[in-house]
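In: Build me a structure from this.
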Amino acid sequence: MELANIFIKSIFIDNMIFAYFLGMCSFLAVSKSVKTAIGLGAAVIFVLAITVPINYLLDVYILRSGALKWLDASYKDIDLSFLSYIMFIAVIAGMTQLVEMVVERFSPSLYSSLGIYLPLIAVNCAILGGALFMQQKDFSTITESIVFGLGSGVGWALAILALASIREKISYSNIPAPLRGLGITFILTGLMAIAFMSFMGIKL
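Out: Below you'll find the predicted structure:
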């Protein structure tokens, strides 16, 4: 039950886009078509689902105060938490490189469509945010961190897919000239964020 709560909350209540506005650059740029939104969304799900548990293990067994006591009792006072940002980003960059190579190998057209935004997953603040929120929430097991990472990725993918679908539909609408492009996209994002706020009333 607790795992289901974490998963649902990370998708709808603590959505990376609509609750914290993390990863907005690629969210706005790649949401012009559903095809590219699905590709980037899947990449973000994979990277978050892999990096959050890896960073959880790094935090629990290496970085936090007293984490190294499993090596020897004399290391119980060592605190390497100041290295968290560097270590987390290194893991994220490695996974992003792996995703980029896989997409380029198996879907060159998607790789071309995503352009610079695929390697930019490495500096996507939603990915780093997942690791930092994991650290802040202080999960008790790696399973909880896996579920949280997967849910956060699904939430981000759901958000970009929904926006891409709406943007494809309104491309046939008569939008006032000053609002075309990013103008109407910002308005849509704000309205969707307000809609997602209604999930905060759910008691899990």
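In: so who does Ile175 touch?
Out: Ile184 (Cβ atoms under 8 Å, 6 or more residues apart in numbering). Placement of C-beta: from N, CA and C, glycine included.
In: rerun that using 10 Å as the cut-off
Out: Ile175 is in contact with 181, 183-184, counting by Cβ atoms under 10 Å, 6 or more residues apart in numbering.
In: Tyr117 now?
Out: Tyr117 touches 25-27, 29-30, 36, 39-40, 43, 124, counting by Cβ under 10 Å, 6+ apart.
In: just Lys69 next, same as before
Out: Lys69 makes contact with 61, 75-78 under the criterion Cβ under 10 Å, 6+ apart.
In: Sort the contacts of Tyr117 by pLDDT and name the bottom one.
Out: Of all the contacts of Tyr117, Asn124 carries the smallest pLDDT score, 80.
In: Would you quantify the distance from that one to Ser152?
Out: Going from Asn124 to Ser152 by Cβ to Cβ, to the nearest Å gives 12 Å.
In: Could you measure from Leu98 over to Ser109?
Out: 20 Å.
In: more neighbours, these two?
Out: Neighbour totals were compared for Leu98 and Ser109, and Leu98 leads with 13 against 10 (other Cβ atoms under 10 Å).
In: what separates the helix or strand hosting the more buried one from the chain centre, distance-wise?
Out: Assigned by DSSP states H and E, Leu98 belongs to helix 84-106. Helix 84-106 has its C-alpha centroid displaced from the chain centroid by 13 Å (Cα atoms, centre = their mean, to the nearest Å).
In: do stretch 172-191 as well
Out: Chain-centre distance of stretch 172-191: 25 Å, with Cα atoms, centre = their mean.
In: now swap in stretch 139-156 and tell me
Out: Stretch 139-156 has its C-alpha centroid displaced from the chain centroid by 10 Å (Cα atoms, centre = their mean).
In: And stretch 171-186, end to end?
Out: Stretch 171-186 has an end-to-end distance of 15 Å (criterion: Cα to Cα, to the nearest Å).
In: Next, give me the two most distant ones among the contacts of Lys69.
Out: Tyr61 and Asp77 (15.9 Å; Cβ to Cβ).
In: how about Asp79, what does it touch?
Out: Going by Cβ under 10 Å, 6+ apart, Asp79 touches 63-68.
In: mind checking the SS state of it?
Out: Secondary structure, DSSP: H, G, I helix; E, B strand; the rest coil: Asp79 is coil.
In: Just the pLDDT at it, thanks.
Out: Asp79 carries a pLDDT score of 91 in this model.
In: Not counting the lowest-mean-pLDDT helix or strand in the chain itself, show me its contacts.
Out: Lowest on mean pLDDT, DSSP states H and E among the helices and strands of the chain sits helix 108-114, with a mean of 80. Residues outside helix 108-114 that contact it (Cβ under 10 Å, 6+ apart) are 26, 29-30, 32-33, 35-40, 42-43, 100-105, 107, 118, 120-121.
In: Quick one: buried ones out of those?
Out: Neighbour-count burial (16 or more other Cβ atoms under 10 Å) is assigned, among the contacts of helix 108-114, to 26, 29-30, 32, 36-37, 39-40, 42-43, 100, 103, 118, 120-121.
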